[in-house]
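Engineer: using only what follows, build the 3D model:
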Amino acid sequence: MAASRPLSRFWEWGKNIVCVGRNYADHAREMQSAVPSEPVLFLKPSTAYAPEGSPVLMPAYSRNLHHELELAVVMGRRGRAVPEAAAMDYVAGYALCLDMTARDVQDECKKKGLPWTLAKSFTGSCPVSAFVPKEKIPDPHNLKLWLKVNGELRQEGVLSGEKKWRGSRKSRKQTKNVVSELEMSFCLLTIPRGCHCRNLLLHPSGNFPSPRSPQQRFR
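Structural biologist: Below is the predicted model:
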């Protein structure tokens with residue numbers, strides 16, 4: 001059944017959005033966070049998808065909304081305890097996305113030891129680009145990502161040049177097993193430095209007019 005679903009419209013049937021946090025040391029330091037020895041995982045619901053051209057609603061409870069440009073992996077097969085050497089066989093393709101984060105809310109959640117749900121998982125918090133088949137990107141570990149807002153460069157980084165979280169072999173295996181259990185999922189993996197919003201947004205593959213106030217819809 002899954003094979004009949006068009007990958008080009010993954011946001012319509014994708015089951016989960018799995019996010020790996022602090023997997024790049026530069027970003028962790030930028031956020032004044034310790035570089036973890038174990039992976040930090042969190043989820044976004046399917047209602048977080050915002051395909052190109054769709055309206056997005058800013059949460060009314062935040063006054064400090066940040067963008068985080070990510071390279072995402074679209075998982076196309078179900079797997080369990082997948083060997084590291086076979087991991088790419090389960091990848092269907094890629095997309096760019098923005099991990100929208102209510103930073104002020106996240107900071108308060110961290111102080112209280114609470115989950116990040118309000119900060120990371122609101123409706124439309126994951127704008128996505130068009131699907132890119134795996135064959136179009138032979139080396140996903142050596143990509144240059146950048147984000148411009150109204151022509152101003154806000155984020156830029158080469159994935160192979162970013163200081164990546166490595167962790168122990170056991171930690172990588174645990175992360176891989178969690179992700180591989182999620183068939184037809186969307187996994188956010190990377191972030192260049194420079195995750196700030198200043199009330200201006202840009203879709204990874206096109207312009208996003210800037211929202212002017214909380215709860216304002218924009219395209």
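Engineer: low-confidence stretches in the protein?
Structural biologist: Residues of the chain meeting the criterion pLDDT under 70: 1-4, 22-37, 161-185, 190-219.
Engineer: ok, now with 90
Structural biologist: 1-8, 13-16, 18-42, 52-58, 67-71, 75-90, 138-152, 154-219 (pLDDT under 90).
Engineer: all the helices of it, in order from the start?
Structural biologist: 10-13, 25-30, 103-112, 117-120, 169-180 (DSSP state H).
Engineer: neighbours of the closest residue to Cys126 other than its chain neighbours, how many?
Structural biologist: Excluding the flanking residues, the one nearest Cys126 by C-beta to C-beta, 6 or more residues apart in numbering is Ala48, at 4.0 Å. For glycine as for every other residue, the C-beta is placed from the backbone atoms N, C-alpha and C. Using other C-beta atoms under 10 Å, Ala48 has 23 other residues around it.
Engineer: also Lys111?
Structural biologist: Residues near Lys111, counting by other C-beta under 10 Å: 8.
Engineer: state the distance from it to Asp104.
Structural biologist: 11 Å (C-beta to C-beta, to the nearest Å).
Engineer: so Phe122 is in contact with Thr101, correct?
Structural biologist: No - the pair formed by Phe122 and Thr101 falls short of the contact definition of C-beta atoms under 8 Å, at 9.7 Å.
Engineer: counting neighbours, go ahead and name the busier of the two.
Structural biologist: Counted by other C-beta under 10 Å, Phe122 and Thr101 do not tie: Phe122 has more neighbours, with 25 against 22.
Engineer: let me see the contact set for that one.
Structural biologist: Ala48, Leu57, Pro59, Met100, Ala102 (C-beta atoms under 8 Å, 6 or more residues apart in numbering).
Engineer: and with 10 Å instead?
Structural biologist: Residues near Phe122 by C-beta atoms under 10 Å, 6 or more residues apart in numbering: 44-45, 47-48, 56-62, 65, 100-102, 105.
Engineer: also Met100?
Structural biologist: Met100 touches 44, 48, 50, 56, 58-59, 62, 65-68, 119-122, 124-127, 197, 201, counting by C-beta under 10 Å, 6+ apart.
Engineer: who touches both of Phe122 and Thr101?
Structural biologist: Joint contacts of Phe122 and Thr101 (C-beta under 10 Å, 6+ apart) are Ser62, Leu65.
Engineer: distance of the residue nearest to Ser121 when sequence neighbours are not counted from Val82?
Structural biologist: Once flanking residues are discounted, Ser121 sits nearest to Lys44: 5.0 Å by C-beta to C-beta, 6+ apart. Lys44 sits 22 Å away from Val82, taking C-beta to C-beta as the criterion.
Engineer: give me the more crowded residue out of the two.
Structural biologist: Lys44 (23 against 19).
Engineer: for that one, name its beta-bridge partners.
Structural biologist: Ile17 (DSSP bridges).
Engineer: got the buried residues for stretch 56-74?
Structural biologist: 56-59, 62, 65-74 (16 or more other C-beta atoms under 10 Å).
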